[in-house]
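Visitor: Pasted the sequence and its predicted model underneath.
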Amino acid sequence: MLSRDADSLYWLSRYVERAENTARILDVAYRMASMPISYNGVETNEWESALITAGGVDQFRAVYGDATPENVIEFLAFSEANPSSIQNCFDTARQNARSVRSALTSEMWEAINSAWLDLRRYKARSIKVEDLPRFLNLVKEASLRYDGSALRTMLRNDAYWFSRLGLYIERADNTARVLDVKYHVLLPQDAAVGGGIDYYQWAAILRSVSALVSYQWVYHQNLRPWLVADLLILREEMPRSLAACYAFLSRHLDDISQRYGTSGLAQRQARATHARLTNRSIEDIFQDGLHEFLQDFLAENNRLGQAISTQYLG
Amino acid sequence: MAAQAIFDEMNGHDGRSRDAYRILQDWLKSAPPQLLEHRREEAELFFRRVGITFAVYGNTEAEERLIPFDIIPRILSGQEWARLSRGLEQRVKALNMFLKDIYGPREILRAGIVPPELVYLNPYYRPQMQGLSLNSGIYVQVAGIDIVRVDDEDFYVLEDNLRTPSGVSYMLENREVMMRLFPELVGMQRIRPIENYVDELLGTLKSVAPASSPYDPTVVLLTPGSLNSAYYEHSFLADRMGVELVEGRDLFVRDEMVYMRTTEGPKRVDVIYSRIDDDFLDPLVFRPDSALGVPGLIAAYRAGNVAIANAPGTGVADDKAMYSYVPDIVRFYMGEEPILKNVPTWRCRERESLSYVVDNLRELVVKEVNGSGGYGMLVGPHATAEACEHFKARILANPDNYIAQPTLALSTSPIFTEKGLAPRHVDLRPFVLTGRDGVRLVPGGLTRVALTEGSLVVNSSQGGGTKDTWVLSE
């Protein structure tokens, strides 16, 4: 297929996924911020950590001053100064969708187009903090509908595989960043002293990747920080875990190389990262340092994105 | 062409229903009024949902408009179509021979049939095409010929569109909508199908591939991009043909071969169905500021390594000054009388015509020689005295740039309005495909309709609408 079309599909999926991730991050900040201070620790500013997780702290500082709820919501949901704001994500997604209309099924196009029309009704500064859940729900539903229609209506060919690659690269990046921003509350010494306060922080991490209920089904026990990390890093049955993302990345890259009859750097990198995720235990990772592990992973994931671009989308 | 009662395609001159419309008319009489209104709403919903829009695509909804669709079909009998299609084939064949001659031996100029300056001073004449022998010998693969009628005898050609005629996607979608919304009505008569247009188009394009291309040549559709007003049509046709929809930046030329950038590396391109104006095709040859085109494309074309449909330079045969010579062109190459008539045309470049035109502006339609889309024209009977004076000054300042025609009593066809059926003026754009293996036509075309009562302007950019066009089998 045309490289430009593959590129558009790849970024279309990345931007839809990014919008959903940002919506989840805002959702968690909203929940945490509405808790009494004694439950979430004195020094945390949940809106600030939302900003750090979603990225773009520097851009934020350049335009706004304090990380007040209103400022952060505007920046992450609406701001034109933030290329990854939810509204910018959907603008970019729709532009990409329009340029590959013929590679999309009509269901996918309608999912993107109607979400874009719905979201345009919300405007910066006019949204109140208490309207936020409804807005965020709309974003999550739009992403689910897009993803579901891709899954159910697309031919299983390179167009499908490139759109999946975008989704999993973005999702892996997000899960790793959610963990990294909160890694300190997962460390064992904090767990020892944390008690009840940290419980809500762990729950928040799970909730931001919609894994709170899954946790119970997988482990059948109370929240333990190392199990939270295990679930989100190593468990392939958890669809947002790093291991699951890499299982899919490596499978779809293999699909492409089989179809094209050649393979390259992207395939080798994905396979290597996937192998490292399946051969480790969570104890090893804590031993070597969770933060270091996550930083390495983010850099690797970024390199894979570049390898895919150079190999196919250039 | 004398002034008379306007010919209605359903009711004729005298209100007696014409044969082709009899079944439709009976059905309309028996259909409850709410049914039509309901179906009209459904049709609009369908067009909006599928996103069949035109005009500027951008970031706001207002920029995406629907072309209004009227649910009452326009019907031609089998005999009418037989005559019309013979005329179209004759005309397009002659125009292709004319272009081959103009860019080759120029016999028609030597014979004194067409004034040379009309060719050489024409802004669409491309010296780069001179002396180039096309492998297929075909210049116009896709033609859209605008047809009007004033009675049940004759078809008149209003305009030949030989560059990048558009509208065929509406022709196809209109039929699709009618089949869905009016299955009972459609089932009552034998309507000749048109859905094979896309196959015929692909066949035509493949037939003109360069000699060096493989057995199954690679065809692409070249679009200016998603901001173009006809982008929907471009993506529709590429999708239905199963060919890549490319922009200039997706193509590159190496060693006079054209390639597209794909996820599997460069892939050779054999045939380009171009929906870009010549001017923008290749910045090395035409407009150097064009970012839409492909540098080196014309060199590859001249080397015979790629086919471009339609060929660059076809515009020399479709401007409004050349139009008036087309009957002579048909006689010259075909050795027969033209089957389709031309609307009588005064060329303002000729002194006698000019004085007639400026003296009779109120009765005439005056057009710019190179205008299109209904812009830059004066409809005398509907214009204010002031507008006429203003236009007169423009004509006198540059007479070569204008032609004038009598205002025709264009035929009408009923449309569905809030107050029931009402006659509106229509035209018809059939699409004529020409490949190495001959001319192909699907029965019908795009019927455009002026939605405002009395209006003669059918262009979609000026608020015109469209209808489905039925050709009944004989």
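Guide: Thanks, I have the structure now.
Visitor: C-alpha only now, for contacts and for neighbours.
Guide: OK.
Visitor: give me every residue that touches A:Leu12.
Guide: Going by CA atoms under 8 Å, 6 or more residues apart in numbering or on different chains, A:Leu12 touches A:Thr92, A:Ala93, A:Arg94, A:Asn96, A:Ala97, A:Ser163, A:Gly166.
Visitor: Now the strand or helix carrying it: buried residues?
Guide: A:Leu12 belongs to helix A:3-33 when elements are defined using DSSP states H and E. Of the residues in helix A:3-33, A:3-30, A:32-33 count as buried by neighbour count, 16 or more other CA atoms under 10 Å in any protein chain shown.
Visitor: The residue in the stretch 201-350 of chain B positioned nearest to chain A: neighbour count?
Guide: With CA to the nearest CA as the measure, the residue in the stretch 201-350 of chain B that lies nearest chain A is B:Thr262; the distance is 4.1 Å. Residues lying near B:Thr262 (other CA atoms under 10 Å in any protein chain shown) number 19.
Visitor: residues contacting it?
Guide: Taking CA under 8 Å, 6+ apart as the criterion, B:Thr262 is in contact with A:Met1, A:Leu2, A:Ser3, A:Arg4, A:Tyr312, A:Leu313.
Visitor: how far away is it from B:Ile308?
Guide: Using CA to CA, to the nearest Å, we find B:Thr262 at a distance of 20 Å from B:Ile308.
Visitor: got it, and A:Val16?
Guide: If you measure A:Val16 against B:Ile308 using CA to CA, the figure is 38 Å.
Visitor: now B:Glu474
Guide: Per CA to CA, B:Glu474 is found 37 Å from B:Ile308.
Visitor: The two: which has the busier surroundings?
Guide: Per other CA under 10 Å, whichever of B:Glu474 and B:Ile308 has more neighbours is B:Ile308, with 25 against 12.
Visitor: and the closest residue to B:Asn161 other than its chain neighbours, what element?
Guide: The shortest distance from B:Asn161 to any non-neighbouring residue, by CA to CA, 6 or more residues apart in numbering or on different chains, is to B:Gly144 (5.0 Å). Taking DSSP H and E as the criterion, B:Gly144 maps to strand B:142-148.
Visitor: and the next element down the chain from the lowest-mean-pLDDT helix or strand in chain A?
Guide: Taking mean pLDDT, DSSP states H and E as the measure, chain A has helix A:188-194 as its least confident helix or strand, at a mean of 50. Using DSSP H and E, the helix or strand that directly follows helix A:188-194 along the chain is helix A:196-208.
Visitor: Run through the neighbouring helices and strands of that next one.
Guide: When contacts are defined as 3 or more CA pairs under 8 Å, 6 or more residues apart in numbering or on different chains; DSSP states H and E, helix A:196-208 packs onto helix A:3-33, helix A:37-40, helix A:158-181, helix A:183-186, helix A:212-219, helix A:225-233.
Visitor: quick one: buried residues of it?
Guide: By neighbour count, with 16+ other CA under 10 Å as the criterion, the buried positions of helix A:196-208 are A:Ile197, A:Asp198, A:Tyr199, A:Tyr200, A:Gln201, A:Trp202, A:Ala203, A:Ala204, A:Ile205, A:Leu206, A:Arg207, A:Ser208.
Visitor: The third one reaches A:Asn222, doesn't it?
Guide: Okay, so that is A:Tyr199. No. At 9.3 Å, A:Tyr199 does not count as touching A:Asn222 under the criterion of CA atoms under 8 Å.
Visitor: nearest spatial neighbour of A:Ser49, skipping sequence neighbours?
Guide: A:Val181 (7.0 Å).
Visitor: Output the helices and strands packed on helix A:196-208 in TSV; the columns should cover mean pLDDT.
Guide: Below are these laid out as TSV (pLDDT from 0 to 100):
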stretch	mean pLDDT
helix A:3-33	93
helix A:37-40	55
helix A:158-181	95
helix A:183-186	76
helix A:212-219	91
helix A:225-233	93
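Visitor: Just put these in TSV and tack on distance to B:Gly313.
Guide: Shown next, in TSV, are the helices and strands packed on helix A:196-208 (distance: least, CA to CA, whole Å):
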stretch	distance to B:Gly313
helix A:3-33	30
helix A:37-40	73
helix A:158-181	37
helix A:183-186	67
helix A:212-219	66
helix A:225-233	62
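Visitor: Out of those, which is closest to B:Arg39?
Guide: Closest to B:Arg39 of the helices and strands packed on helix A:196-208 is helix A:3-33 (CA to CA; 35.6 Å).
Visitor: and the angle for the closest one with helix A:196-208?
Guide: With axes from the mean of the first three to the mean of the last three CA atoms, to 10 degrees as the basis, helix A:3-33 and helix A:196-208 are set at 150 degrees to each other.
Visitor: Now do helix A:3-33: distance to the chain's middle.
Guide: 6 Å (CA atoms, centre = their mean, to the nearest Å).
Visitor: just stretch A:168-176 next, same as before
Guide: Mean C-alpha position of stretch A:168-176 versus that of the full chain (CA atoms, centre = their mean) differs by 5 Å.
Visitor: Find the nearest non-adjacent residue to A:Arg94, please.
Guide: Across the structure, with CA to CA, 6+ apart as the measure, the residue nearest A:Arg94 apart from its sequence neighbours is A:Ile112 (6.2 Å).
Visitor: typed the wrong thing, it's B:Val198
Guide: Leaving out its chain neighbours, the residue that sits closest to B:Val198 by CA to CA, 6+ apart is B:Met241, at 6.1 Å.
Visitor: dump the residue contacts of the one you found.
Guide: Contacts of B:Met241 (CA under 8 Å, 6+ apart): B:Val198, B:Asp199, B:Leu202.
Visitor: Of those, which belong to helices?
Guide: Among these, the members falling in helices (DSSP state H) are B:Val198, B:Asp199, B:Leu202.
Visitor: Most neighbours of all those, which one?
Guide: Among these, where neighbours are counted by other CA under 10 Å, the top count belongs to B:Val198, at 21 neighbours.
Visitor: picking that back up, now do the strand holding B:Gly144: distance to the chain's middle.
Guide: When C-alpha coordinates are averaged (CA atoms, centre = their mean), strand B:142-148 and its chain have centres 5 Å apart.
Visitor: What strands flank the very next helix or strand once past that strand, and is each parallel or antiparallel?
Guide: Using DSSP H and E, the next helix or strand after strand B:142-148 towards the C-terminus is strand B:156-161. Next to strand B:156-161 in the sheet, as set by DSSP bridges, lie strand B:142-148 (antiparallel), strand B:341-342 (parallel).
Visitor: rewinding a little: between the helices and strands packed on helix A:196-208, which gets nearest to B:Asn401?
Guide: helix A:3-33 (42.1 Å).
Visitor: That closest one relative to helix A:158-181, how many degrees between them?
Guide: Using the same axes, to 10 degrees, the inter-axis angle of helix A:3-33 relative to helix A:158-181 is 30 degrees.
Visitor: residue contacts, B:Asp70?
Guide: Contact partners of B:Asp70, counting by CA under 8 Å, 6+ apart, are B:Arg40, B:Ile415, B:Phe416, B:Gly465, B:Thr466, B:Lys467, B:Asp468.
Visitor: switch the cut-off to 10 Å
Guide: Each residue near B:Asp70 by CA atoms under 10 Å, 6 or more residues apart in numbering or on different chains is listed here: B:40, B:43-44, B:174, B:414-417, B:448-449, B:451, B:465-468.
Visitor: Phi first, then psi, for it.
Guide: Listed backbone geometry of B:Asp70 is phi -100, psi 140, with angles given as degrees, to the nearest 10.
Visitor: Show me what counts as buried in the lengthiest helix in chain B.
Guide: Longest among the helix segments of chain B by residue count, using DSSP H, is helix B:78-102. By neighbour count on 16+ other CA under 10 Å, the buried set for helix B:78-102 is B:78, B:80-82, B:84-85, B:87-102.
Visitor: what residues are up against the residue of the stretch 101-250 of chain A found nearest chain B?
Guide: Here the residue of the stretch 101-250 of chain A nearest chain B is A:Ser102; by CA to the nearest CA that distance is 5.4 Å. Contacts for A:Ser102 were tallied using CA under 10 Å, 6+ apart; they are A:5, A:109, B:232, B:234-240, B:242-245.
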